[in-house]
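In: generate a structure from the sequence data that follows.
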Amino acid sequence: MTGPRSSPTYLKDAAAAVVKDRLQNFFFVLPALMIFGVFYLYPFLNMVFLSFHDWSGIGPMRFTGLENYRELAGDSLWWDSVGHAGYITLIALIFQNALAFALALACDRQIRMKRFYCIVFFIPPVLSEVVVGLIWNWILNPEMQAGVHIGLLNHLLFISGLPQMVHNWLGDPKTALTAIAVVHSWKGFGWGFVMLLAGLQTIDKQLYEAARVDGAGAWKILTGITIPVMMPVILAVMILTILGSMQVFILILSMVSQGLVNHTDVPVTRILSSMTGTDRFGYACAQAVLFGAILVFISFGVKKLSDMARQG
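Out: Next comes the predicted model:
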């Protein structure tokens, strides 16, 4: 005898309810999927398609196969720009994240004006890169007016009795990239500070108390408790730092004149110059595809190394 809960009518109603529920869930996420498809997925696929063509942006396309990628493999200016971005990223990973972690550790303690410091440290990241670039362009300005240095840094060096250190920081190929990297790190450390501070506040304070009872010092607590517990957050900050630093370009355009373009070029500025300078949209798309692959490879590499370090 068939029970009421196993009757064909009940099973049909249950299946209809499941389908209705799934359709409702699908329609809830449909707007997000449409936005993702129109503004992210389609441009990406179109970019990959264009990378196999020669196109000036107007008129017919000419299929060239892998010719753009073969040319890109031998483009010394492109690989120099990748090296420049890597140099900026390396400084950001060391200086920016070390500063963010040190300040997060300081603000995790019970100190006076803690909220004020948190607000101040988060001001640089929310400022426009153009504004930051123009401000630092003035600070590093090497020019003089009426016998007085216009740039704040050179002025302070001069009045401090260090005239030999006065320098054209952004006009010298030997110092321009380092100056940009330092400014980029100053602007970006606030994001890491907020994430690291949030991670520190999730650590159970009883772990610290138990460690102190066992006689552990500050260094032992830092290396034995804080850093191991914070590794997932540190990994996320490192990956975001790499992705953000490798893609920096607005700050460079607002700080450096076109005369040093080859010495301060990064992949994004090379892509822009291929599109606007030579109207080679296909070659620019090939550069973008390769650059994206490099970012994905580096991100997975950092995560793999982090996993190996934690397992070891």
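In: can you give the domain ranges for this structure?
Out: Domain assignment of the chain by automatic domain parsing yields the ranges 1-50, 70-311.
In: helix or strand for the nearest residue to Glu71 once chain neighbours are set aside, which one?
Out: Of all residues not flanking Glu71 in the chain, Tyr283 sits nearest, at 6.9 Å (Cβ to Cβ, 6 or more residues apart in numbering). From N, CA and C alone the C-beta is placed, and that goes for glycine too. Using DSSP states H and E, Tyr283 maps to helix 281-311.
In: same for that helix, what does it pack against?
Out: helix 42-50, strand 53-54, helix 67-73, helix 76-91, helix 227-246, helix 267-276 (3 or more Cβ pairs under 8 Å, 6 or more residues apart in numbering; DSSP states H and E).
In: contact partners of the second one?
Out: In other words, strand 53-54. Residues outside strand 53-54 that contact it (Cβ atoms under 8 Å, 6 or more residues apart in numbering): 61-64, 67-68, 280, 282-283.
In: which of those residues ranks first by neighbour count?
Out: For the contacts of strand 53-54, the largest neighbour count, defined by other Cβ atoms under 10 Å, is 27 neighbours, found at Tyr283.
In: the closest residue in space to Glu129 that isn't next to it in sequence: how many residues sit nearby?
Out: Distances taken as Cβ to Cβ, 6+ apart put Ile250 closest to Glu129, at 4.2 Å, once the chain neighbours are dropped. Neighbourhood size, Ile250 [other Cβ under 10 Å]: 15.
In: check Asn137 too.
Out: When counting by other Cβ under 10 Å, one arrives at 17 neighbours for Asn137.
In: in this structure, where is pLDDT below threshold?
Out: Applying pLDDT under 70 to the chain flags the ranges 1-8, 10-13, 257-261, 309-310, 312.
In: in it, which residue is most central in space?
Out: Of all residues in the chain, the one closest to the mean position by Cα atoms, centre = their mean is Gly244, 1.3 Å from it.
In: return the residues in contact with it.
Out: Neighbouring residues of Gly244 by Cβ under 8 Å, 6+ apart: 92, 188, 191.
In: now the helices and strands packed on helix 281-311 in CSV, with distance to Leu177?
Out: What follows is the helices and strands packed on helix 281-311, written out as CSV (distance: least, Cβ to Cβ, whole Å):
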stretch, distance to Leu177
helix 42-50, 28
strand 53-54, 32
helix 67-73, 22
helix 76-91, 6
helix 227-246, 12
helix 267-276, 12
